[in-house]
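Participant: Have a look; sequence and predicted model below, questions after that.
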Amino acid sequence: MSVPAPQPLSTPSPPPPALQAIEEAAPSGQPLSRAAWVLMAVVALVPAVTAVAQLGRIHPDEVYQVLEPAWHRVHGYGVLAWEWRDGLRNWAVPLVVSWLLRLANLLGLSHPQAYRALIALPQAALHGWMLLATYRFAARRAGVAGGLLAALLVGLYGPVLVFAGRTMSESFSAAFLVVGLEALDRQERLERSGLLGGLALGLSVVARYGSAVFVAAALVWLVLARRWRMLAFTCLGGLAVVLGLGALDWATWGSPFHSFFAYLRFNVLTDGVVQQFGASPAGFYVPVLFSALPVWFWLTVPSGLAEGLRRRAVSLPLFCAGVYLAAVSATPHKEERFLYPALVLLLLGAAPAVGGWLMHASRAVRIRWGGVTLALASTVASAAHYPPGDLRADQFRAIVASTRDERASGLLIVNEGLWGAGGFFFIGKNIPWLTCDWPQDWAFQRAIHDPAFNRAVSFEGRALPELQAAGFRVVGQVGRETMLARD
């Protein structure tokens, strides 16, 4: 979306000192001012700090597709989900996390929250890189101040605050997509930009195979734009990632691209995913889009469509997001989290128009900063319309607290299933643990009759009388979770 020619609404007035310092910074491709760097760094750290402080999970995949396989890789024990038995996942991200866990062991970090914080550092750096790419993309269209505001609109977007600090494949993939598409948008140093774009887009697919749709759309966009040199070097950069993925699968699964082909068979070539997880109607994502996208995004749609028709072109992020939305809407199995990368790209495509208009349409301080405040407020508030569900954050913190005692030899978690719990990663030691819903469940009866199970966590007081009758006593409370112990 392009920025309309600014029309002053009042007599120009000098910008505030903070804005003046930003506007005097170097343009896109050159260093930002120190104040802008600090601001972007703070915004980039918010999701990671929130995730580490909260713990919990927004989806079981956060634990059982990244953290738990990495823990198993390092310690030789852990819960491996069915994908890791059937080979539907590649080991790239869990391997990186496993190296960080080994580093944590060398540093003496034994508390789950401590080594979870160590894992968050490179992800926070990746998120910062994404925001910097957002700034560069927007600054080419809206100037330095408009680019910085666009980066803030993306960085403070509700779903980004929820997802960006989480160890989800969508979180990693979305960041690489933004970096890659920004590189392909450049008009200078085509060889270097193409290689970077290809590498980043390739890594987005390694992190999440479903993002291959975005990459295919980006390549089609380059063909339609007749950017042949950029296309060639993009393919070259992507080829390096493809070869690396083939070698990784060969080393870990026994054959090149084993995980990718297994993914295709389960999700595309057969109805395995529908049989296991069900199907949803084609319009499943429509209400999610209308509720999750901030108000200012919809205000840019008319002008963006008009500009696209006039120029007979659409911006790269919006094109990729549109193709992806069509693809996932046609796919039978649907989940809200699948939309996250598309939501980020939609904001990346629209934010420059808003940033440019607010920074240049008027020098009237009240109008400008009133608009900025409303835009940022609607951006942050969008988290309320994109709920991650029950984070079970208090449960995870209760599990961590219950198992820190050296005398803890077994753990029972009441009113939670296996895939909702935190796994050995958050227990932090090789002790037996079970989950159950009701006192009559087999797991509950097994635990209360086995003296090794001397720690318990109960969600919302479920089965407290039965636990106390079995010798457990209440030792603490974490939010909705009750911690119990017995000698």
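Facilitator: Cool, the structure landed.

Participant: which other residues reach stretch 438-457?
Facilitator: Contact with stretch 438-457 is made by 395, 398-399, 402-403, 405, 407-414, 431-432, 434-436, 462-463, 466-467, 470, 472, 481-487, as judged by Cβ atoms under 8 Å, 6 or more residues apart in numbering. All C-beta atoms are positioned from the backbone trio N, CA, C, and that covers glycine.

Participant: Show the buried residues in those.
Facilitator: 395, 398-399, 402-403, 408-414, 431, 434-436, 462-463, 466-467, 470, 472, 481-486 (16 or more other Cβ atoms under 10 Å).

Participant: Just those residues: which are in helices?
Facilitator: If you go by DSSP state H, the buried ones among the contacts of stretch 438-457 have 395, 398, 399, 402, 466, 467 in helices.

Participant: Go through those and name the one nearest residue 225.
Facilitator: residue 395 (49.6 Å; Cβ to Cβ).

Participant: For residue 113, see how far away that closest one is.
Facilitator: 14 Å (Cβ to Cβ, to the nearest Å).

Participant: Give me the below-cutoff pLDDT ranges for the stretch 351-487 of the chain.
Facilitator: Residue ranges of the stretch 351-487 of the chain with pLDDT under 70: 360-389.

Participant: try it again with 80
Facilitator: 355-390 (pLDDT under 80).

Participant: helices and strands of this protein: which one bottoms out on pLDDT?
Facilitator: The weakest-scoring helix or strand in the chain, judged by mean pLDDT, DSSP states H and E, is helix 17-23 (a mean of 36).

Participant: which other helices and strands contact the helix or strand following that helix?
Facilitator: Next along the chain after helix 17-23, taking DSSP states H and E as the criterion, comes helix 34-54. For helix 34-54, the elements it packs on are helix 17-23, helix 112-155, helix 158-163, judged by 3 or more Cβ pairs under 8 Å, 6 or more residues apart in numbering; DSSP states H and E.

Participant: relative orientation of whichever helix or strand comes after the last one and helix 112-155 in degrees?
Facilitator: Next in sequence after helix 158-163, counting helices and strands by DSSP H and E, comes helix 169-184. If you take axes from the mean of the first three to the mean of the last three Cα atoms, to 10 degrees, helix 169-184 sits at 40 degrees to helix 112-155.

Participant: Tabulate the CA atom coordinates of helix 169-184 in PDB.
Facilitator: Extracted as PDB, the C-alpha positions of helix 169-184 are listed here (Å, rounded to 0.1, in the frame of the first residue of the first chain):
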ATOM      1  CA  SER A 169       6.800 -23.000  14.700                       C
ATOM      2  CA  GLU A 170       4.500 -20.200  13.700                       C
ATOM      3  CA  SER A 171       6.600 -17.700  15.800                       C
ATOM      4  CA  PHE A 172       9.900 -18.700  14.200                       C
ATOM      5  CA  SER A 173       8.500 -18.900  10.700                       C
ATOM      6  CA  ALA A 174       6.800 -15.500  10.800                       C
ATOM      7  CA  ALA A 175      10.000 -13.700  11.800                       C
ATOM      8  CA  PHE A 176      12.000 -15.300   9.000                       C
ATOM      9  CA  LEU A 177       9.200 -14.500   6.500                       C
ATOM     10  CA  VAL A 178       9.300 -10.800   7.400                       C
ATOM     11  CA  VAL A 179      13.100 -10.700   7.100                       C
ATOM     12  CA  GLY A 180      13.000 -12.600   3.800                       C
ATOM     13  CA  LEU A 181      10.300 -10.500   2.200                       C
ATOM     14  CA  GLU A 182      11.900  -7.300   3.200                       C
ATOM     15  CA  ALA A 183      15.100  -8.400   1.500                       C
ATOM     16  CA  LEU A 184      13.200  -9.200  -1.700                       C
END
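
Participant: Run the chain-centre distance for it.
Facilitator: Distance of helix 169-184 from its chain centroid, counting by Cα atoms, centre = their mean, to the nearest Å, is 10 Å.

Participant: Next, please give the residue ranges for the helices of the stretch 151-300 of the chain.
Facilitator: In the stretch 151-300 of the chain, the segments counted as helices under DSSP state H, counting those that start in this stretch are 158-163, 169-184, 190-207, 212-224, 228-253, 258-264, 272-277, 286-292, 295-311.

Participant: I'd like to know which elements the fifth one is packed against.
Facilitator: It refers to helix 228-253. Against helix 228-253 (3+ Cβ pairs under 8 Å, 6+ apart) you get helix 92-107, helix 190-207, helix 212-224, helix 258-264.

Participant: buried set for it?
Facilitator: 230-231, 233-235, 237-238, 241-242, 245-246, 248-249, 252-253.

Participant: go on, the third one?
Facilitator: Taking 16+ other Cβ under 10 Å as the neighbour-count basis, helix 190-207 is seen to contain the buried residues 190, 193-207.

Participant: Looking at those residues, spot the one nearest residue 93.
Facilitator: Nearest to residue 93 among those is residue 207, at 6.1 Å by Cβ to Cβ.

Participant: Surely residue 146 touches residue 358?
Facilitator: Yes - in this structure residue 146 lies within contact range of residue 358 using Cβ atoms under 8 Å: 7.4 Å.

Participant: give me the beta-bridge partners of residue 412?
Facilitator: Beta-bridge partners for residue 412, by DSSP bridges, are residue 434, residue 456.

Participant: Distance check, the nearest residue to residue 466 once chain neighbours are set aside against residue 332.
Facilitator: Leaving aside its sequence neighbours, residue 466 sits nearest to residue 439 (Cβ to Cβ, 6 or more residues apart in numbering; 4.2 Å). Distance check for residue 439 against residue 332: by Cβ to Cβ, it reads 38 Å.

Participant: same check, this time on residue 326
Facilitator: Distance from residue 326 to residue 332, by Cβ to Cβ: 14 Å.

Participant: of the two, who's got more company?
Facilitator: Taking neighbours as other Cβ atoms under 10 Å, residue 326 and residue 332 compare with residue 332 leading, 15 against 12.

Participant: these two touch, right, the more buried one and residue 279?
Facilitator: Yes - the pair residue 332 and residue 279 passes the contact test of Cβ under 8 Å, sitting 3.8 Å apart.
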